[in-house]
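[1] any chance you can model this:
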Amino acid sequence: MERKPVYYGEYLQLDKILNAQLPESEKEGVVANDEMLFIVIHQAYELWFKQILFEVNLVRGIFNQSDIKDSSPDLYQAAHRLKRVGTILQVLIHQLDILETMTPLDFLDFRDLLRPASGFQSIQFKILEAALGLKFKNRYGHEYYVSQLKPEDVKQVKDAENEKSLLELINRWLERMPFFNGEKYWNEKSLSNNAEHPFWKNYLTTYSSSLQPGEKQNLENFEKLFLKDATYPADRNFSTLANRSALFIMLYRDYPLLLQPYQLLNSLLDIDELLAQWRYRHMNMVQRMIGRRIGTGGSTGAEYLKAAADTHYVFKEIADLTSFLSQRGKLPKLSDGLQKALSFE
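    Numbering: from 1, shown residues only. Predicted structure coming up:
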């Protein structure tokens, strides 16, 4: 059977997309020309949220495998897609430049017609935050979180929170790093991945000697994150094993086998940073538009956005690990066997 030719407008379903802008001001017979811009910008955001979720779910699928070969295409694909997410987030930030061409008076022409609708009701964004790893207990403003959502949307969000987040899957992947166990690379028998491992004993000495007098308190944090039993510190998402692996990747990232894992971790930090930039830009825009008035959804407006921006970091624990880096030239020398394994030889 001959395949039907593809037609541009039908392929993109432009009849649905271009007829999906229904300004409330037109329904009420009010002149508010900028409401069209407001709708188009927010529809574009939701389309980009859909694409980001698509990319994040693909990456979660990769890390949900029981085994990931560091030299396989999987790790490259994961890093590539997370980098794409970062690029999309840059677009979301720049879209605010367009929205800010609307003045406060332009917004007031139709703002009251939107109540109680609010960007806080974006189901996709809440699902995205949960998919990345933002837990309910770490959210600011629990009273607003699902209070204004329809029951079916609350269910979507709660279902998303019950799935394995990217943060959890990255933790599990880091725990599986194979280079510390056994005597293959360390010339010691009955070697386990614990506090007595020769690498961490040597590195603690190196790190301690690099600290300034005012930084000595970092040694207590080092012991808490890297030298305890291989379990989760009480207030952390990453386990001790995951912290060790992530720091090792950062320290020896110049080895070919660790380059892709490093880029992946770096992309996670980029995502956190770009989401924070977007939230702060959004907060400043709201401050300019409505000052200290409450949001259309009943939140405290710019005040809520600032508090969320300050607290909704997902991958902060990866960023914290940079406190424990030392200069390349002072790093413990790896065995010839381990250097060879990290060099694809």
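[2] quick one: contacts of stretch 303-316?
    Outside stretch 303-316, the residues that touch it by Cβ atoms under 8 Å, 6 or more residues apart in numbering are 129, 132-134, 138-141, 144, 167, 268-269, 271-272, 275-276, 279-280, 282-283, 286, 292, 295, 319. C-beta: built from backbone N, CA, C; applies to glycine.
[3] redo that, cut-off 6 Å
    Applying Cβ atoms under 6 Å, 6 or more residues apart in numbering, the contact partners of stretch 303-316 are 132-134, 140-141, 167, 268-269, 272, 276, 279-280, 282-283.
[4] give the rounded mean pLDDT of that stretch.
    For stretch 303-316, mean pLDDT is 84.
[5] rewinding a little: hmm, which of the contacts of stretch 303-316 is lowest in pLDDT?
    Within the contacts of stretch 303-316, pLDDT is lowest for residue 141, at 75.
[6] now residue 51: closest residue in space that isn't a chain neighbour?
    Spatial nearest neighbour of residue 51, excluding adjacent residues (Cβ to Cβ, 6 or more residues apart in numbering): residue 88 at 6.3 Å.
[7] picking up where we left off before, from the contacts of stretch 303-316, pick the one nearest residue 26.
    The nearest member of the contacts of stretch 303-316 to residue 26, counting by Cβ to Cβ, is residue 282 at 26.2 Å.
[8] rewinding a little: need the contacts of stretch 303-316 in a markdown table (columns: neighbour count).
    Below are the contacts of stretch 303-316 laid out as a markdown table (neighbours: other Cβ atoms under 10 Å):
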| residue | neighbour count |
| --- | --- |
| 132 | 22 |
| 133 | 19 |
| 134 | 20 |
| 140 | 15 |
| 141 | 16 |
| 167 | 20 |
| 268 | 23 |
| 269 | 16 |
| 272 | 19 |
| 276 | 15 |
| 279 | 17 |
| 280 | 15 |
| 282 | 20 |
| 283 | 20 |
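[9] against residue 45, how distant is the residue nearest to residue 51?
    Here the criterion is Cβ to Cβ, to the nearest Å. By it, residue 88 lies 11 Å from residue 45.
[10] swap in residue 223?
    Taking Cβ to Cβ, one finds residue 223 at 44 Å from residue 45.
[11] out of these two, which sits in the busier spot?
    Legend: neighbour count by other Cβ atoms under 10 Å for residue 223 and residue 45, higher for residue 45 (20 against 12).
[12] who's in contact with the more buried one?
    Contacts for residue 45 (Cβ under 6 Å, 6+ apart) come out as none.
[13] next structured bit after the one helix or strand it maps to?
    Take DSSP states H and E as the rule and residue 45 turns out to sit in helix 35-63. With elements assigned by DSSP H and E, the helix or strand that comes after helix 35-63 is helix 73-99.
[14] what helices or strands is that following helix leaning on?
    helix 35-63, helix 256-290 (3 or more Cβ pairs under 6 Å, 6 or more residues apart in numbering; DSSP states H and E).
[15] most tightly packed of the ones you listed?
    helix 256-290 (a mean of 18; mean count of other Cβ atoms under 10 Å).
[16] return the distance of it from the chain's centre.
    Relative to the centre of its chain, helix 256-290 is centred 7 Å away, using Cα atoms, centre = their mean, to the nearest Å.
[17] now it and helix 35-63, what's the angle there?
    Interaxial angle of helix 256-290 relative to helix 35-63 (axes from the mean of the first three to the mean of the last three Cα atoms, to 10 degrees): 160 degrees.
[18] any idea which helix or strand comes after helix 256-290?
    Sequence-wise, the next helix or strand downstream of helix 256-290 (DSSP H and E) is helix 302-311.
[19] now that next one: buried residues?
    For helix 302-311, burial by neighbour count (16 or more other Cβ atoms under 10 Å) applies to 302-306, 308-309.
[20] same deal with stretch 158-167?
    Those would be 160-161, 165-167, for stretch 158-167 by 16+ other Cβ under 10 Å.
[21] contacts for it next, please.
    Everything outside stretch 158-167 that qualifies as a contact, by Cβ under 6 Å, 6+ apart, is 60, 127, 130, 132-133, 237, 314.
[22] and for stretch 240-248?
    171, 174-175, 177, 225-226, 228, 230, 321, 324.
[23] pLDDT on that stretch, on average?
    For stretch 240-248, the per-residue pLDDT averages 93.
[24] export it as CSV, just CAs?
    Output of stretch 240-248 as CSV, limited to C-alpha atoms (Å, rounded to 0.1, in the frame of the first residue of the first chain):
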residue,chain,number,x,y,z
THR,A,240,28.8,7.6,50.6
LEU,A,241,29.6,5.3,47.6
ALA,A,242,28.1,7.7,45.2
ASN,A,243,29.9,10.7,46.7
ARG,A,244,33.3,8.8,46.4
SER,A,245,32.6,8.0,42.7
ALA,A,246,31.5,11.5,41.8
LEU,A,247,34.5,13.0,43.4
PHE,A,248,36.8,10.5,41.8
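[25] rewinding a little: need the contacts of stretch 303-316 in CSV (columns: distance to residue 69).
    Formatted as CSV, the contacts of stretch 303-316 follow (distance: Cβ to Cβ, whole Å):
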residue, distance to residue 69
132, 25
133, 24
134, 30
140, 39
141, 42
167, 22
268, 20
269, 24
272, 27
276, 33
279, 36
280, 39
282, 40
283, 43
